[in-house]
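Participant: next one to model:
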Amino acid sequence: MAGCATTGPGPTSTPTPTAAATSPVTTAGTPVPATTVPLVAGPTVTVPPRFDVAIDVLRDSNTYTRKINVIFQGGLGQSATQRVDVTDTHDDGTTETKSITRPESGSIERGSTVTFTGTSVDRIQVAVTINGVTYQIYDKVLPLQTRP
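Facilitator: Numbering: from 1, shown residues only. Sure, this is the predicted structure:
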């Protein structure tokens with residue numbers, strides 16, 4: 001009877017480690033595709049007219065530098081704008097975010113710029129925070145366009 005008691009727990013515990021050991025080997029051997037953010041522009045909103053601000057997004061066509069400049073151009077809401085957050089999503093799905101923030105006194109200066117080194121296709125998103133409310137004002141996919 002002692003043998004029966006030992007035999008009972010043995011088979012029960014043996015399949016558990018075998019199954020656990022088999023799963024990681026299979027998972028590790030199977031390539032996992034990289035998770036990427038789709039390079040598709042999303043919706044934007046219009047800031048209330050009394051808080052209107054403008055930005056310019058300029059993509060350098062130089063295939064060596066690939067610079068993307070986002071320039072704050074001010075507007076009626078310039079003094080109420082607390083920050084401008086710009087996110088660049090690269091063609092491989094990685095993202096980079098840079099911000100322009102209002103100094104302790106005054107407002108964000110017109111012409112304040114953030115610069116990214118782009119890839120062959122980039123998604124640029126710009127969100128402005130005005131009086132504590134964040135507005136997604138720009139979201140576009142910008143392919144690198146070379147000169148003929």
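
Participant: all contacts plus neighbour counts: C-alpha atoms, from now on.
Facilitator: OK.

Participant: ranges for the strands of this structure?
Facilitator: Counting by DSSP state E, the chain has strands at residues 54-59, 67-74, 81-89, 95-101, 113-117, 121-130, 133-143.

Participant: which one of these lies closest to residue 45?
Facilitator: strand 133-143 (5.5 Å; CA to CA).

Participant: tell me which strands that closest one pairs with, and in which orientation.
Facilitator: strand 121-130 (antiparallel) (DSSP bridges).

Participant: quick one: average confidence on the partner strand?
Facilitator: For strand 121-130, the mean per-residue pLDDT is 97.

Participant: neighbouring contacts of that strand?
Facilitator: By CA atoms under 8 Å, 6 or more residues apart in numbering, the residues outside strand 121-130 that reach it are 39-41, 51, 77, 80-91, 134-144.

Participant: now that strand and strand 67-74, what's the angle there?
Facilitator: Taking axes from the mean of the first three to the mean of the last three CA atoms, to 10 degrees, strand 121-130 and strand 67-74 form an angle of 20 degrees between their directions.

Participant: before we move on, back to that, of the strands of the chain, which is nearest residue 46?
Facilitator: Ranking the strands of the chain by proximity to residue 46 (CA to CA) places strand 133-143 first, at 6.5 Å.

Participant: can you list the buried residues in the closest one?
Facilitator: Neighbour-count burial for strand 133-143, counted by 16 or more other CA atoms under 10 Å, picks out 134, 135, 136, 137, 138, 139, 140, 141, 142.
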